[in-house]
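*Asks:* I would like to see how this sequence folds:
(one chain, ligands or ions: 1)
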Amino acid sequence: MIPKLVFASNNEHKTSEIKSLLKDKYEILNLKDINCTTDIPETGNTFAENATLKSSFVTQNYQIDCFADDSGLEIEALNLAPGIYSARYAGTRNDLDNLNLVLKNMQGKTNRQARFKTVISLQLNGKNYLFEGKIEGKIAEKATGKDGFGYDPIFIPDGYSISFAEMSKTQKNKISHRALAVQQLISFLNGV
Ligand code: IMP
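*Replies:* Here you go, the predicted structure:
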């Protein structure tokens, strides 16, 4: 029987990415599936703290093994902003506003190096395990591509000439920060 794990997220894009990364191995339940409607506060100062706040909230309140992720974009020329504030950088929680603010703040910057990071916190048998994935790339001068979400149209992974938003989901899933963190989670769970 396929084991069940809660992924503490309401983000449809991420849930579908993670489901496709874990398919055949785990049945992934999301917060809706366990009737959790609480907006779990992300008040930490790091990706790891925020991921742990979410996963431990679910495990403590629903007595079920769970993992949660926290991700974001760190841009060298902007002192690693937007970082943990990636989802609300422009103050509106709107992907396009966030992306446009990054492009504006990057005008005239020669160092365009950036990275996406994901930290996953897994609550398993009373312990917290952390996994990190990251991918280096450059902030483009303008947005290209229609797929993906968030900052995908302005992020060009190192070694590629197209943005994350110009890649198929399959291609992005092979190299993304989230994929790398999830692969670590899978190898760990396979070894348990
Ligand atoms: P979260 O903590 O994983 O929900 O990510 C926070 C924010 O980081 C998202 O709302 C996006 O703005 C950005 N982000 C995280 N992962 C990605 C990605 O794979 N592509 C584009 N933007 C991302």
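*Asks:* Now do the contacts for Gly72.
*Replies:* Going by CB atoms under 8 Å, 6 or more residues apart in numbering, Gly72 touches 47, 82-87, 116-117. Every C-beta, even on glycine, is put in place using the N, C-alpha and C of the backbone.
*Asks:* Now do the residue nearest to Arg88 when sequence neighbours are not counted against the ligand, distance only.
*Replies:* Leaving aside its sequence neighbours, Arg88 sits nearest to Asn98 (CB to CB, 6 or more residues apart in numbering; 7.8 Å). According to CB to the nearest ligand atom, to the nearest Å, Asn98 and the ligand sit 6 Å apart.
*Asks:* one step back: pull out the buried members of the contacts of Gly72.
*Replies:* 47, 82-84, 86-87, 116-117 (16 or more other CB atoms under 10 Å).
*Asks:* Around the ligand, which positions in the chain sit nearby?
*Replies:* 11, 69-73, 86-87, 98, 116, 148-152, 164, 176, 178 (CB under 6 Å from any ligand atom).
*Asks:* Of these, which belong to strands?
*Replies:* 69-73, 116 (DSSP state E).
*Asks:* quick revisit: of the residues of the chain next to the ligand, select the buried ones using a ChimeraX command.
*Replies:* Filtering the residues of the chain next to the ligand down to the buried ones (16+ other CB under 10 Å) takes a single ChimeraX command:
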select :11,69,70,71,72,73,86,87,98,116,148,150,151,152,164,176,178
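*Asks:* which is the next helix or strand following the helix or strand bottoming out on mean pLDDT in the chain?
*Replies:* Lowest on mean pLDDT, DSSP states H and E among the helices and strands of the chain sits helix 12-22, with a mean of 77. Next helix or strand after helix 12-22 toward the C-terminus (DSSP states H and E): strand 27-29.
*Asks:* Which elements pack onto that next one?
*Replies:* strand 4-7, helix 12-22 (3 or more CB pairs under 8 Å, 6 or more residues apart in numbering; DSSP states H and E).
*Asks:* How far away from the center of its chain is that strand?
*Replies:* 17 Å (CA atoms, centre = their mean, to the nearest Å).
*Asks:* For it, give the mean pLDDT please.
*Replies:* Throughout strand 27-29, pLDDT has a mean value of 88.
*Asks:* Buried residues, that strand. List them.
*Replies:* Neighbour counts using 16+ other CB under 10 Å place 28-29 of strand 27-29 among the buried residues.
*Asks:* swap in stretch 106-125?
*Replies:* Neighbour count says stretch 106-125 has 106, 112, 114-124 buried, by 16+ other CB under 10 Å.
*Asks:* now do stretch 167-180
*Replies:* Buried-residue list, stretch 167-180, by 16+ other CB under 10 Å: 167, 172-173, 175-180.
*Asks:* Just put these in a markdown table and tack on distance to Leu78 and pLDDT.
*Replies:* Output for those, formatted as a markdown table (distance: CB to CB, whole Å; pLDDT from 0 to 100):
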| residue | distance to Leu78 | pLDDT |
| --- | --- | --- |
| Met167 | 24 | 96 |
| Lys172 | 23 | 92 |
| Asn173 | 27 | 87 |
| Ile175 | 23 | 96 |
| Ser176 | 21 | 95 |
| His177 | 18 | 96 |
| Arg178 | 22 | 91 |
| Ala179 | 25 | 90 |
| Leu180 | 23 | 95 |
